[in-house]
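Colleague: everything below, folded, please.
(2 chains)
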Amino acid sequence: GAVVSQHPSWVICKSGTSVKIECRSLDFQATTMFWYRQFPKQSLMLMATSNEGSKATYEQGVEKDKFLINHASLTLSTLTVTSAHPEDSSFYICTTAPGASDNYGYTFGSGTRLTVV
Amino acid sequence: GENVEQHPSTLSVQEGDSAVIKCTYSDSASNYFPWYKQELGKGPQLIIDIRSNVGEKKDQRIAVTLNKTAKHFSLHITETQPEDSAVYFCAASRNTGFQKLVFGTGTRLLVSP
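Modeller: Predicted coordinates for the structure are as follows:
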């Protein structure tokens, strides 16, 4: 089946630094990737939608200059948390969108736990 | 936009009992309703899904029912086991083309031996 590889699985960084999270579709092309954030004991909240070759679409309240999304190829989407602060500590997870054929449904990465100290 | 409500937020059952988790959605155009199980520190795992052209779907001890008119869908787990303990999320999407998935608030299920 479809697999999305997400790295790193966990990362600790100092406040003020930037962290890049990668999601790579291994055996299929993902023209659209959704990025979610999950705070402890809460649900998954959509941050943004990335589309290959175009600008990402951000949900209301998500700072586009802080959470940089790049979807430069059909198999790779990245989320960069810039100038990270402790309140950005969260679980970040990506998922591909089902295509028009809906053969794969939503395929999730394994998630990245970010801790900002 | 779509809004998905889920209850209960926590559910404790004895091993062998049944567990039911209910969700409602607001967007009548939603037509895909997956259920995910999330264990601590891991991403959500799809356990069952249903599309709007079907009223019920079953897979061994797990079943999902959908009432499109009332915009309700429910997860039923029978003969619960301790390893069923996890957080369960319902979700909804239009699932036509590249549509986002909207999650419910989650239910923490605890199955006691």
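
Colleague: what lies in contact with stretch A:58-70?
Modeller: With contacts defined as CB atoms under 8 Å, 6 or more residues apart in numbering or on different chains, stretch A:58-70 is touched by A:35, A:45-48, A:50, A:56, A:77-83. The C-beta positions use only the backbone N, C-alpha and C, and glycine is treated the same way.

Colleague: tell me which of those residues is nearest to chain B?
Modeller: Lowest distance from chain B to the contacts of stretch A:58-70 (CB to the nearest CB) belongs to residue A:46, with 5.5 Å.

Colleague: still on that earlier bit, max pairwise distance over the contacts of stretch A:58-70: which two?
Modeller: Farthest-apart pair in the contacts of stretch A:58-70 is A:46 and A:83; separation 22.0 Å (CB to CB).

Colleague: ok, and the most crowded of the contacts of stretch A:58-70?
Modeller: Using other CB atoms under 10 Å in any protein chain shown as the neighbour test, the contacts of stretch A:58-70 are led by residue A:77, with 30 neighbours.

Colleague: in this structure it contacts residue A:48, no?
Modeller: No. In this structure residue A:77 lies outside contact range of residue A:48 using CB atoms under 8 Å: 10.0 Å.

Colleague: what sits in contact with each of the two?
Modeller: Jointly contacting residue A:77 and residue A:48 under the rule CB under 8 Å, 6+ apart are A:35, A:69.

Colleague: got a list of what residue 74 touches?
Modeller: Just so you know, I chose chain A. Shown in contact with residue A:74 (CB under 8 Å, 6+ apart): A:25, A:29, A:30, A:31, A:52.

Colleague: that was the other one, I meant chain B.
Modeller: Residue B:74 makes contact with B:20, B:21, B:22, B:23, B:64, B:65, according to CB under 8 Å, 6+ apart.

Colleague: over to residue B:8?
Modeller: With CB under 8 Å, 6+ apart, residue B:8 has these contacts: B:21, B:107.

Colleague: phi, psi for it please.
Modeller: phi -80, psi 170 (degrees, to the nearest 10).

Colleague: same check, this time on the one 10 residues further on
Modeller: Comment: the main-chain dihedrals of residue B:18 come out as phi -100, psi 150, following degrees, to the nearest 10.

Colleague: wouldn't it be in contact with residue B:78 here?
Modeller: Yes. Counting by CB under 8 Å, residue B:78 is a contact partner of residue B:18 at 4.9 Å.

Colleague: still on that earlier bit, chain B next: which of the contacts of residue A:74 are close?
Modeller: Contacts with chain B within the contacts of residue A:74, counted by CB under 8 Å from any CB of the partner chain: residue A:31.

Colleague: may I see the PyMOL selection of the buried members of the contacts of residue A:74?
Modeller: Buried members of the contacts of residue A:74, defined by 16 or more other CB atoms under 10 Å in any protein chain shown, are picked up in PyMOL with:
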select buried, chain A and resi 25+30+31+52
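
Colleague: in strands only, show me the contacts of residue A:74.
Modeller: Judged by DSSP state E, the subset of these located in strands is residue A:25.
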